[in-house]
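[1] Just to be clear, the model below is a prediction. Sequence and coordinates:
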There are 2 protein chains.
Amino acid sequence: MKSDYRNTVLTGGFWKHKEDLNRDITLNAVYEQFDKTGRVAAFRCDWKEGMPNQPHVFWDSDVAKWMEGASYALYRQYDADLESKIEALIDCIEKNQAEDGYFNIYYLVVMPGKRYTNRDMHELYCAGHLIEAAVAYYEATGRDRFLRLMEKYAAYIKAVFMDKTAEPMPKFQTPGHQEIEIALFRLYRCTGNKDWFDLAEFFLNQRGNNALDEGHSQQIQSHLPVRKQKTAVGHSVRAGYQYAAMTTLARETGEKELADTCRTLFDDITKYKMYITGGVGSRSSGEAYSIPYDFLNDKAYAETCAAVSMIFFAHEMFLMDRESRFADVIERELYNGVLSGLSLSGDEFFYENPLEIHPDNYRKTWDRYPISERVKVFSCSCCPPNLNRVLASLSRYFYASEEGSVWVNQFGESEYACDGMTVVQKTEYPYDGRIALQTKGTKEVYVRIPGWCRSFSASRTYTMVNGYACFAGEGEIVIDLVMEPVFLQSNILVYKNLDTAAVQYGPVVYCAEGLDNNGDVHSLYLNVSDPDWEILPTEEYGCHRLSVNGWRRENAEDAPFYPLQEQFSHTRIRLIPYHAFANRGTTPMLVYLHYRQ
Amino acid sequence: MKSDYRNTVLTGGFWKHKEDLNRDITLNAVYEQFDKTGRVAAFRCDWKEGMPNQPHVFWDSDVAKWMEGASYALYRQYDADLESKIEALIDCIEKNQAEDGYFNIYYLVVMPGKRYTNRDMHELYCAGHLIEAAVAYYEATGRDRFLRLMEKYAAYIKAVFMDKTAEPMPKFQTPGHQEIEIALFRLYRCTGNKDWFDLAEFFLNQRGNNALDEGHSQQIQSHLPVRKQKTAVGHSVRAGYQYAAMTTLARETGEKELADTCRTLFDDITKYKMYITGGVGSRSSGEAYSIPYDFLNDKAYAETCAAVSMIFFAHEMFLMDRESRFADVIERELYNGVLSGLSLSGDEFFYENPLEIHPDNYRKTWDRYPISERVKVFSCSCCPPNLNRVLASLSRYFYASEEGSVWVNQFGESEYACDGMTVVQKTEYPYDGRIALQTKGTKEVYVRIPGWCRSFSASRTYTMVNGYACFAGEGEIVIDLVMEPVFLQSNILVYKNLDTAAVQYGPVVYCAEGLDNNGDVHSLYLNVSDPDWEILPTEEYGCHRLSVNGWRRENAEDAPFYPLQEQFSHTRIRLIPYHAFANRGTTPMLVYLHYRQ
C-alpha cells in the first residue's frame, strides 16, 4: 500500500486553507518563537555555564519537528528563506556532530560525558525527530547531506544499543520517550537499509523485556513486552508513537500476534479512552491514558501531540487493515482535537484541549485547569511544531493506493497521481456532503463512507467493503453524504455527561461559547425535539456556524438551594466548530450542553 | 443571653444516642489512637532526637481537644478512668511547663530556644486548645489546677505579645492559625479576668494590621484588618474560628461595624459557599473557601473541623442576633456535615466529606480524591477530637435563655433548667415533626421553626419573631412541623448540579449508595413528579431510610458516543441519610441525583 504526501496536491477548500496557513503563518511563527527562546541558537552548541537559555533536553526535537514540517512545505512550494533556515541548522548539526556520530545538544554542551545515563532525558526521542526531519528534507529536496549525518548517528545508536560495539555502555536499553522507532522505519523505507528496520524492531522487542531497563513503568509503556500490552496506558504521546511503530512492524512482518495486539489497543482507545473530539490522555497527571470512560471536560488534558499520535497510529492501522474506521479516526482528530490546538490566526497554540471552560476555575481557584487562551510558545513546546509537520503533510491522509486500487480516505479538493492512476476530487466538504471524483487508470476506487454518515447515495453501483463504497473501473463517481447536525450522547458510563448532548455536523464537533450566547453557556438547554437548525455558512471558522432552538434555565429563587422548580426561557443557541473555540479571548465554552425533549 | 451545656440534659432520642456513643466509644477510640501514635506520651516531654514519634507541632491541640471533650463527658457522668487520663496529662503539663508559663511540646523538646519564631507552627493555636480544655475541665469538675497553669501561660502570652514585657520578641504578632481568641474569651467568661478579654481583642484588632506580621495572606485571613474582611476566604477552619471570635467581641462590645462585618461574612458563606450538607471549604487546595458557588461534589473537601467551626460561628451569631437561621445552620451542620465525619460505629472518621463517590477515581486515577472509607486516625488528626468535644457538649445548642425568655433551638428529648425556668421537651425528632414542650417559670418561649419546614401548627397562639414561634407564659406547647421528603435543586450558578436534585427530609440530607441500588448510583433518575415516597423507619442509621420512584438510564448502544437515544427502566431508588454514608465499605455514593419529571 502506497501513501505518500507527495502524490497528492490539495487544490482548494478547508484543508488547503489550513495547509496554506501553516506555510504562510504557522511555520514562521513557530520558528520565530524558537529563535527568541534560544532553541535555534542552541544548535550552535556554544552554550556555556552562566549564559542565558540553557538548552533543554527536548529542544532538539522541537526544532527537528519544525524542520520536518518546513521540509514538507518546501516540497510543495520553493521558499529560499525556509531553505536557508533549514540549511543553517544542518550546518550546525554537521559542525557539532561528534566524531562517532552522536548529536544531542543537551549532552554535548550541558552534560558532556553523560550520554545514555538517564532514560528520562529524551536522547533517543530527539534522535528520532532529527532522523524524521532528515528523511523529510531528503524526500522534499533530494539533498542528502542531512540524511547522511543522521544515518551516521543511527549507525552509532545501533552500535551502542544493539551491537554493543561502541561506547558507552548505556544505562538503559530502550527509549524513555518512544519516537525513534517510527523514525527508523521511515529511514529504512527511505534508504532501503535493513539496519534501520532491525534497530526499530530491536527497540520494540526489547521494550519491557530487558533487565537493563529499570523501573518497568506503565507511564512509559515499559511495564510489559509490547505484545503483552493489551490496554492503552501511560503517557499518551509515548503510547501513540509506540503503537504506530508496532503497527508498522506488524504490517511489515505480517506477524499476527503483534497485529492483534495493535487492533486490541486501537479498540481500547477508541471505545473507552477517546473524547468525541478525538482527544486522548484525559488527565493531566502523567499526561496519561486514564481508566475507561474517564472523560473530564473542564480538566480534559487531551494534548495536541496525543491527537497527532493517534493520527499516526490510525494511519498505520489503515495501511494494515484497510477499514474505514481508521480513516474515520483520522478525520475526527484532524477536524477537532488536532485543529483545536491552533488559533484561527495560525500563530497561537493549545497544548491542552479542554471540552469545557468556566473561566473562574482557571482564574480564581487554586486548582489546575487548562489555560483558556492560546499562547505563542510553551516552555515545553512540542505541540506547535507537531502541528507544523502534520498540516504540511496533510495530503498523506487523503489517498492510498495499491495495484490499481485507490482508497479515498479524506475529502477536499485535491488531485492524486500514483503508478499511472489519477484521481481528481471536487467537493465543498465539510460545508457540503457532495463529493465528485474523476478517476483514470483505476481498477477499483474505495471511497470512505464516514462513520458519522447515516445515509448516502452514489451515482454508480458500488459494493460496501470494510466501510468503503467500492466502485469498479474508472470515470466519474459522485457521492452524496447526507449531512445534518446530530445530537450525540456519551455512553452512560461517562457519568459526568449524563443529561447532556454534543452536536456534530459532518465530521465537525461543535461547541457553544459565551460570547455568542449572552455570556453564559452552562445554563443553556438544547431543544432536541424541535431543534429548528439554522446553518450559517461563514468563512470565519472555515466551516459553518449553527443555531438551534433551546432554553436558558433561570433561577427560581436567589438562594444556594431551594425546592426544585424548573424555570426556562426560550432562546436560540449559537454554536461554532469546536476547533475554533477560544479565538476571541476568554469566554465560557461547552461541548456537552444540557438538553430537554 | 445564657447558653451553657450544663443547663441541659439530653434524655433520649437521636442526639442522646450520639452523645452516648461519643462517651462510650469515640472518646476511647480517639485516646487509644493518640496513645498509639505517641501523642499522649509526647506530653511527658522526654522525646530525644532518634526516638520514634517525634512530636508534631499540632499534637498539643489534638490531645487538648480530646481533654476538652472528655471533660464535658465527665461532667455528665463520672468516669474514674477518663478522669485519671486527664489528670495524668495535667501532671505532665504541670511538670514540663516552663518557669515563665510557656508550654508547647514541639518547641520544648524539638526546637528549644525557637519559640515564637515561625507563625505557621501553631503555637498560639495549641495554646488556645489547652486553655479551652482547662476551662472545660474546671467547669466540669470544679478543680482549678489545669486552669491556673493555663492562666499562667495566658499571662506569659499577654506579656510577650501585647505588653512586650517578657522574652522573646516574637517574630509575628497574631496567630498563624486562629483559635486562641475563642479560648481567651472563654477564659475571661470563666475567670472574670478582663486581661483575657483584652488579649483576645488585641489579637483580633492586630490581625492584618500589624507590620510585624509578614505575608498578609488571604489563606490565614491576615490580608486585611478584620473589620475590612467582607468575604469568607482562606483556610476554612481558621476562618470559622476567627469569625466566631469576632462575633463574640462584637456582641460583648456592642460595636456595630464589627457586628455588621460578621453578618456580612455569615451571609457570604451561607449564600455562596456552603454545601447543602453544611460543608464549607470546597477545595482541597489550601483547605480553603473558594469562589461563590464552587461546589465540587466528588472532590468536595468540606473538612469536618470546618463544619464544626461553622457551628461556633453560627452559635455566636445566634447569641448576638437571635434569628432562627443561625440555629438552622447549626442543625444543618450537626445532622449532615459534622456527623458525616463519624462512622456509625463511633470509632472511624472522615476528614473530608465528599458529596459523591465514584470509587475508581480514588482507586485508579492519579488525581487527588477524598478517601472513600473512614479511618481510625489521620496524620493530621484534628477532626476526631473536634467531634469529641462537639458531641459531648451538644446540649449547648439546644436552649438559650435571658430574663424569663427561653429559646428552643434544637429538637430532641431533653430538659433545660436555668434561672428558675425549666423546659421539658418530648419528641421523636428527626423521625417525626411533633414537639411537645412543658415549660415552667417562663415569660416567653421562642421555638425555632426550621427553615426546611414549609408548614406547621401549634397548640397555642404565637407570634413569629425572627423565625421563632413565640409563645407567652408557661405550660404546654405542642408544635407539629410538617415533615416530608423534598427535592432540592442547587442555585443554577452551581452549574455542575444542573439537572440534579438532592433529597432532604426534615433536617436530614439523603444520599444514594451503590450497595442499596444494584451497585451503580450515577445512572439513577429520581421521579420528581410521582415519587411515591416510602419512609422506612430504622434504628440502623439513627433516622429513616427512604425509597422513591425512579428510573435507571441504560445504554442504547455499546459505543463511546452515539446519537441521542434515551432508554430508561423503572426502578425504586433507596436513600440513606448522608451522614451514614460509607459505613459498609467502598461503594458509589451520590447526594445530587439526576431526575426526570
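    Happy to help now that I have it. Numbers count the residues shown, from 1 in each chain, chains lettered A, B, ... in the order given.
[2] For chain A, name the helix or strand with the lowest mean pLDDT.
    When the helices and strands of chain A are compared on mean pLDDT, DSSP states H and E, helix A:359-364 comes out lowest with a mean of 91.
[3] Need the contact partners of that helix.
    Contact with helix A:359-364 is made by A:298, A:367, A:369-372, A:586-588, B:290-291, B:294, as judged by CB atoms under 8 Å, 6 or more residues apart in numbering or on different chains. All C-beta atoms are positioned from the backbone trio N, CA, C, and that covers glycine.
[4] Give me the buried subset of the residues you listed.
    Listed as buried from those are A:298, A:367, A:369-370, A:372, A:587-588, B:290-291, B:294; burial here means 16 or more other CB atoms under 10 Å in any protein chain shown.
[5] so A:Glu480 sits in a strand?
    To be clear, residue A:480 is Asp; Glu isn't right here. Yes: assessed with DSSP: H, G, I helix; E, B strand; the rest coil, A:Asp480 lies in a strand.
[6] Now do the buried residues in the least confident helix or strand of chain A.
    For helix A:359-364, by 16+ other CB under 10 Å, it's A:359, A:361-362.
[7] Flag whichever of the buried ones among the contacts of helix A:359-364 scores worst on pLDDT.
    Looking at the buried ones among the contacts of helix A:359-364 by pLDDT, the weakest one is A:Asp367, with 88.
[8] and the nearest residue to that one once chain neighbours are set aside, how many neighbours does it have?
    Closest residue in space to A:Asp367, ignoring its immediate chain neighbours: B:Ser285 at 5.7 Å, by CB to CB, 6 or more residues apart in numbering or on different chains. The number of residues packed near B:Ser285 is 14, by other CB atoms under 10 Å in any protein chain shown.
[9] contacting residues for B:Ser285?
    B:Ser285 sits next to A:365-367 when contact means CB under 8 Å, 6+ apart.
[10] Swap in 10 Å and give it another go.
    A:365-368, B:219, B:301, B:368 (CB atoms under 10 Å, 6 or more residues apart in numbering or on different chains).
[11] Out of those, flag the one nearest to A:Leu344.
    Ranked by distance to A:Leu344 (CB to CB), the contacts of B:Ser285 are led by A:Arg368 at 26.5 Å.
[12] Checking A:Trp196 next. Helix, strand or coil?
    Counting by three-state DSSP, the backbone at A:Trp196 sits in helix.
[13] count of residues packed around it?
    Neighbours of A:Trp196 (other CB under 10 Å): 25.
[14] hang on, it packs against A:Cys190?
    Yes: here A:Trp196 reaches A:Cys190: they are 8.7 Å apart, a contact under CB atoms under 10 Å.
[15] what is in contact with these two at once?
    A:131, A:151.
[16] Show me what A:Phe568 is bridged to.
    A:Arg553 (DSSP bridges).
[17] ok, it - contacts?
    A:523, A:525, A:550-554, A:596.
[18] now A:Cys305
    The contact partners of A:Cys305, by CB under 10 Å, 6+ apart, come to A:65, A:236-238, A:240-241, A:281, A:287, A:338, A:341, A:351, A:380, A:382-387, A:390.
[19] Just the ones in helices from those, please.
    Judged by DSSP state H, the subset of these located in helices is A:65, A:236-238, A:240-241, A:383-387, A:390.
[20] circling back: distance check, the residue nearest to A:Asp367 against B:Cys418.
    B:Ser285 is 44 Å from B:Cys418, where distance means CB to CB, to the nearest Å.
[21] Kindly report the same for A:Lys271.
    68 Å.
[22] Counting neighbours, go ahead and name the busier of the two.
    Neighbour totals were compared for A:Lys271 and B:Cys418, and B:Cys418 leads with 19 against 14 (other CB under 10 Å).
[23] Tell me the spatial nearest neighbour of that one, not counting adjacent residues.
    Spatially, and ignoring its direct neighbours in sequence, B:Cys418 is nearest to B:Asn7 (4.4 Å; CB to CB, 6+ apart).
[24] Can you tell me, leaving aside adjacent residues, what's nearest to the residue of the stretch 101-250 of chain A at minimum distance from chain B?
    Nearest to chain B, among the residues of the stretch 101-250 of chain A, is A:Gln219, at 9.5 Å (CB to the nearest CB). Spatial nearest neighbour of A:Gln219, excluding adjacent residues (CB to CB, 6+ apart): A:Gly234 at 4.4 Å.
[25] Just want the phi and psi numbers for that neighbour.
    phi 80, psi -170 (degrees, to the nearest 10).
[26] quick one: contacts for it?
    A:217-223, A:242, A:281, A:286-289.
[27] repeat that with 6 Å
    Each residue near A:Gly234 by CB atoms under 6 Å, 6 or more residues apart in numbering or on different chains is listed here: A:218-221, A:288.
[28] now, among these, which is nearest to A:Tyr125?
    Out of the contacts of A:Gly234, the member with the shortest distance to A:Tyr125 (by CB to CB) is A:Ile220, at 10.8 Å.
[29] Could I get the pLDDT score of the closest one?
    pLDDT at A:Ile220 comes out at 95.
[30] how far away is it from A:Arg238?
    6 Å.
[31] and what of A:Gly281?
    10 Å.
[32] Kindly report the same for A:Met51.
    Taking CB to CB, one finds A:Met51 at 31 Å from A:Arg238.
[33] what do you get for A:Glu348?
    26 Å.
[34] Which one of these two is surrounded by more residues?
    Taking neighbours as other CB under 10 Å, A:Glu348 and A:Arg238 compare with A:Arg238 leading, 25 against 19.
[35] The more buried one contacts A:Gln178, doesn't it?
    Yes: A:Arg238 is in contact with A:Gln178 according to CB atoms under 6 Å; the separation is 5.0 Å.
[36] For the closest residue to A:Asp100 other than its chain neighbours, which three-state class applies?
    Nearest residue to A:Asp100, sequence neighbours excluded (CB to CB, 6+ apart): A:Tyr156, at 5.2 Å. Three-state assignment for A:Tyr156 (three-state DSSP): helix.
[37] Contact partners for A:Tyr156?
    With contact set as CB under 6 Å, 6+ apart, A:Tyr156 has these partners: A:100-102, A:166.
[38] Give me the buried subset of these.
    Counted by 16+ other CB under 10 Å, these give A:101-102, A:166 as buried.
[39] hang on, the earlier thing: do I have it right that the residue nearest to B:Cys418 meets B:Gly420?
    No: counting by CB under 6 Å, B:Asn7 stays clear of B:Gly420, with 11.8 Å between them.
[40] Between these two, point out the one with more neighbours.
    Shown here are B:Asn7 and B:Gly420; by other CB under 10 Å, B:Asn7 has more neighbours (21 against 10).
[41] Can you give me the pLDDT of that one?
    pLDDT, B:Asn7: 98.
[42] Can you pull the phi/psi pair for it?
    Taking degrees, to the nearest 10, you get phi -80, psi -10 for the backbone angles of B:Asn7.
[43] can you tell me how far it sits from B:Phe172?
    B:Asn7 is 39 Å from B:Phe172, by CB to CB.
[44] just A:His216 next, same as before
    Per CB to CB, A:His216 is found 49 Å from B:Phe172.
[45] Which residues of the stretch 401-550 of chain A lie near chain B?
    A:486-492, A:495, A:498-499, A:501, A:522-523, A:528 (CB under 6 Å from any CB of the partner chain).
[46] among these, who's most crowded?
    A:Gln489 (26 neighbours).
[47] Any regions of chain A where pLDDT drops low?
    Of all residues in chain A, none has pLDDT under 70.
[48] Would you mind naming what in it lies close to chain B?
    Those residues of chain A that sit near chain B, judged by CB under 6 Å from any CB, are A:271, A:276, A:285-286, A:290-291, A:360, A:364-367, A:486-492, A:495, A:498-499, A:501, A:522-523, A:528, A:553, A:555, A:560-561, A:563-564, A:594.
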